[in-house]
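S.K.: Give me coordinates for this.
(one chain, ligands or ions: 2)
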Amino acid sequence: MFVQVALPIPKCSLLTYALPTGMNVTQGSLVLVPVGHTFRTGVAWEITTEPVWCQGKILEIAGTLGDLPLLGPDLLYLLDWIARYYLRPIGTVATAALPDRLTYKRKRRAIWQPGQTIGSLPDSLLPLATRLYNQKKGLSEETLAAQFGRQGLTERLNALVRRGLITLETSWHAQSMEASPTQDQPVLPCPSPPKLTDEQSLCVQTLHQALTTTRFTPFLLDGITGSGKTEVYLQAIQNCLELGRQALVLVPEISLTSQMIQRLRARFPETIAILHSGLSSTQRLEHWKQVRHGQARLAVGARSAIFAPFADLGLVIVDEEHDPSYKQEGAVPYHGRDMAIVRAQRTEAVLILGSATPSMESLANVERGRYQRLVLTRRVGGGRPPHMESIRLADPLMRAAMGRDGLISPPLHQAMTETLTAGRQILLFLNRRGFAPTLLCYRCGEAVHCPHCSVTLTLHKNHTRLMCHYCDYTQEPLDICPVCEQLSLFHFGPGTQRLEKETRTLFPDARIARLDRDAVSSGQYRLNETLAAFHDRHLDILIGTQMTAKGHHFPGLALVGVVQAETSLCQPDFRAAERTFQLVTQVAGRAGREDNQGRAIIQSFDPNHYALRAAMSDPGSFPAMEMAFRRQAGYPPFRRLALLQFSGEVQPEGEIFCQTLKANLPVSADVDFLGPTPAPLSKLRNRYRWHLLIKEKIDGRLHRALGPLMNLAEQLAGTRIRVEIDVDPQAFL
Ligand code: ADP
Ligand code: ZN
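M.R.: Ligands and ions are numbered 1, 2, ... in the order given. Have a look, this model is predicted:
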């Protein structure tokens, strides 16, 4: 028998090995195999009677981890799906799905050769040799590293081996896959569920019916913030567990898991597995094993939790399904929501995609009759939605009052003062993620757009070129606004730091913190601690980005200010309007949830933009307008996209590659190629970056073109240019 083993080796990720007689390997088992001069851990992907493909001698599998396959058939199916859909080697995908602790670790022992004496040795080797001398059983590399340090240890050991004084014995050790002893969970008094509202009841009944059929049934739960979506999830989970199946809850960000876990723990007195990359690898493996061995019937996590090894998954919940954070970046760029759909389909589970601002993709699936829509239109307990005000920044009087670089308008300043006086809290919001500088008109509020792609043009090359990052359209920067024909265009840039400074100047006595990716990664603020401090009212004003707009519930928050809606509206992304609509709706939903009515102030250069108008006064009208734009411009959910990204260390080499690629692109009946063009982040970690957008002409044709395109690009790229493909891109950086 032969086994195709999936290994994390680029390009050739399935290798054939022979199964030694007496060894038991099943599909999905973890195996140890020789690769080159070492051993590596892989997943038994396929078992065959004939070798599938081989070059040279077929080696044998060296070891296998227990009898229990680590990945059941539905997970193998999902991994295969990801590998094909996102064009990634299966070995890389399989590795991404397993907890990283689940590998064989190499251990070495240094053993003194009997009969050898120390003799004369250089000073660098003497202490090590003295330590090993006369140790009959030898010493492990770890023990030696603890005493002598890891630095240079291998070299010194090798030097002793060359002198014939010691031998090195290598063995491979796997993590135990035994179930861990169950700890007695404290049995908390679980309050009985609240009496459901009529709308909630209808949702729960419909879901209950679907759960009893044991069929894949997808739902979009479209409910405004505070309408009790989470309560609907809880009752569906209850039903699912009672039916003897397991349930998985996905949240878009790690920081949101603890809140969800609290609500689950308060309802279900049982082990809840937590799966996300913020845990230590030991913890992750523990939780993973709890799921694998059936000790946990319920798991919560960020996108990678879709790989939870449940035996009979009956319910998958994707909270805030519209959130772009579900898209994984890195080695395997999958979309957590979309893969949750694939998994639920395979396990015949009920799927709930929940959001107050559903994605266009999910709304389109409702329109196509693929998903059933469930709605919650009212806040539980009749809490009033926030009072929304719009401030037009492209107003000469407003600009005069704010000064050239001012970010806080007089009305916002006034509202902030009132809020602080009332002892309540403020959230100021400014987008920074993936910000690209652009030209904006301070009179009419319009940004300059690409004539072909309906996305904002971006300033490039020290602001000497205006460029479309979808196609290769370029023009000179303008002075005169093409819409209002005034000399009123200005360079529009981000300004969270500037905002912090201005806020501190205006409110010197307020307790203020800034929370964006920069502030967090520089260690200036700790994400969870800052959020907790704001929650517990130890802060008065929080300045934040997307992270703060999501799902968090702050009881003392009374005022939300969106400082410049254009920081998301004028970005070179066809989803800019959707993102802005979602953002304004979501941040506004943070303000004043219980008895107090909250306030939201939205500052923008163009309050008449349809995304802002809809968010302010008629959210229900947004999807139809956005769908019309997408259909007309040929963007998702009507046409699929892929982004071919390439980068190189030397700029001219990249430019030559772009030209060669462009000259060699086939004329395709299936897709259009837009670009190549420099990426908005044109240089990142010392690499120059470009991309090529691939847009299908006919629904469903994208993948026909991608395989040949990748072959072509990789062939032309050689070794100097790195090429990667991102299917269904969520960001165009
Ligand atoms: P969403 O997830 O839609 O934002 P939540 O589920 O968080 O809304 O509900 C908002 C608040 O209302 C929560 O504090 C929740 O405990 C409470 N709640 C939900 N449903 C009910 C109900 N039927 N009766 C009373 N309180 C409820
Ligand atoms: Zn363009």
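S.K.: just for the stretch 601-733 of the chain, where's the confidence low?
M.R.: Counting by pLDDT under 70, the stretch 601-733 of the chain has no low-confidence residues at all.
S.K.: And the nearest residue to L557 once chain neighbours are set aside, how far from ligand 2?
M.R.: With Cβ to Cβ, 6 or more residues apart in numbering as the criterion, L557 has its nearest non-adjacent residue at 4.8 Å, and that residue is Q425. Placement of C-beta: from N, CA and C, glycine included. Applying Cβ to the ion, to the nearest Å, the value for Q425 to ligand 2 is 42 Å.
S.K.: isn't Q425 right up against T419?
M.R.: Yes - in this structure Q425 lies within contact range of T419 using Cβ atoms under 8 Å: 7.3 Å.
S.K.: where do the contact lists of the two overlap?
M.R.: Counting by Cβ atoms under 8 Å, 6 or more residues apart in numbering, the shared contacts of Q425 and T419 are A558, L559.
S.K.: What about S280, how many residues nearby?
M.R.: Neighbours of S280 under the rule other Cβ atoms under 10 Å: 9.
S.K.: Contacts for whatever helix or strand F657 lives in, please.
M.R.: Here F657, judged by DSSP states H and E, is contained in helix 651-664. Residues external to helix 651-664 that are found in contact with it (Cβ under 8 Å, 6+ apart): 646-648, 676, 688-690, 692, 712-713, 716-717, 720-721.
S.K.: The following helix or strand past it vs ligand 2: in contact?
M.R.: Later in the chain than helix 651-664, the nearest helix or strand by DSSP H and E is strand 671-684. No - using Cβ under 5 Å from the ion, strand 671-684 never reaches ligand 2; the gap is at least 6.8 Å.
S.K.: ok now strand 671-684, how far from the chain's centre?
M.R.: 21 Å (Cα atoms, centre = their mean, to the nearest Å).
S.K.: Name the residues of it that come out as buried.
M.R.: Buried residues in strand 671-684, counted by 16 or more other Cβ atoms under 10 Å: V671, F673, L674, G675, P676, T677, P678, A679, P680, S682.
S.K.: Not counting its neighbours along the chain, what's nearest the last one?
M.R.: Using Cβ to Cβ, 6+ apart and skipping the chain neighbours, the partner closest in space to S682 is R689 (5.9 Å).
S.K.: Would you mark the buried spots in the helix or strand encompassing the one you found?
M.R.: Element membership of R689 [criterion: DSSP H and E] is strand 687-696. Residues of strand 687-696 classed as buried by neighbour count (16+ other Cβ under 10 Å): R687, Y688, R689, W690, H691, L692, L693, I694, K695, E696.
S.K.: so how far is ligand 1 from the second one?
M.R.: Remark: distance between Y688 and ligand 1 (Cβ to the nearest ligand atom, to the nearest Å) = 44 Å.
S.K.: what's that residue in contact with, if anything?
M.R.: With Cβ under 8 Å, 6+ apart as the criterion, the residues that contact Y688 are S647, G648, E649, V650, Q651, G654, P678, S682.
S.K.: can we see that at 6 Å?
M.R.: Neighbour list for Y688: G648, Q651, G654 [criterion: Cβ atoms under 6 Å, 6 or more residues apart in numbering].
S.K.: List the beta-bridge partners for it.
M.R.: Note on Y688: beta-bridge partners by DSSP bridges are G648, K683.
S.K.: State the pLDDT value of G434.
M.R.: We have a pLDDT of 60 for G434.
S.K.: Could you tell me which residues of the chain lie near ligand 2?
M.R.: The chain comes close to ligand 2 at residues C450, H452, C453, C468, Y470, C471, Y473, as judged by Cβ under 5 Å from the ion.
S.K.: tell me, how many neighbours does the residue nearest to the last one when sequence neighbours are not counted end up with?
M.R.: Right, Y473. Closest residue in space to Y473, ignoring its immediate chain neighbours: C450 at 5.3 Å, by Cβ to Cβ, 6+ apart. When neighbours are counted by other Cβ under 10 Å, C450 registers 21.
S.K.: and what of W288?
M.R.: 25.
S.K.: Would it be right to say that it lies in a strand?
M.R.: No - W288 sits outside any strand when classified using DSSP: H, G, I helix; E, B strand; the rest coil, being helix.
S.K.: going forward can the numbers begin at 5, since that is how I track them
M.R.: New numbering, starting at 5: the last item is W292.
S.K.: Check the residues of the chain next to ligand 2 for burial and list the buried ones.
M.R.: Here, 16+ other Cβ under 10 Å leaves C454, C457, C472, Y474, C475, Y477 buried among these.
S.K.: who touches the third one in this structure?
M.R.: With contacts defined as Cβ under 6 Å, 6+ apart, C472 is in contact with C454, C457, L461.
S.K.: Which of the contacts of Y692 ranks first by neighbour count?
M.R.: Per-residue neighbour counts (other Cβ under 10 Å) across the contacts of Y692 peak at G658, which has 23 neighbours.
S.K.: What sits closest to that one if chain neighbours are left out?
M.R.: G652 (4.1 Å).
S.K.: how about C488, phi and psi?
M.R.: Main-chain torsions, C488, degrees, to the nearest 10: phi -100, psi 0.
S.K.: ok, and the closest non-adjacent residue to it?
M.R.: C448 (4.1 Å).
S.K.: Now that we're looking at that neighbour, what pLDDT does it have?
M.R.: The model reports C448 with a pLDDT of 84.
S.K.: and if you look at T30?
M.R.: T30 is assigned a pLDDT of 89 by the prediction.
S.K.: All set, thanks.
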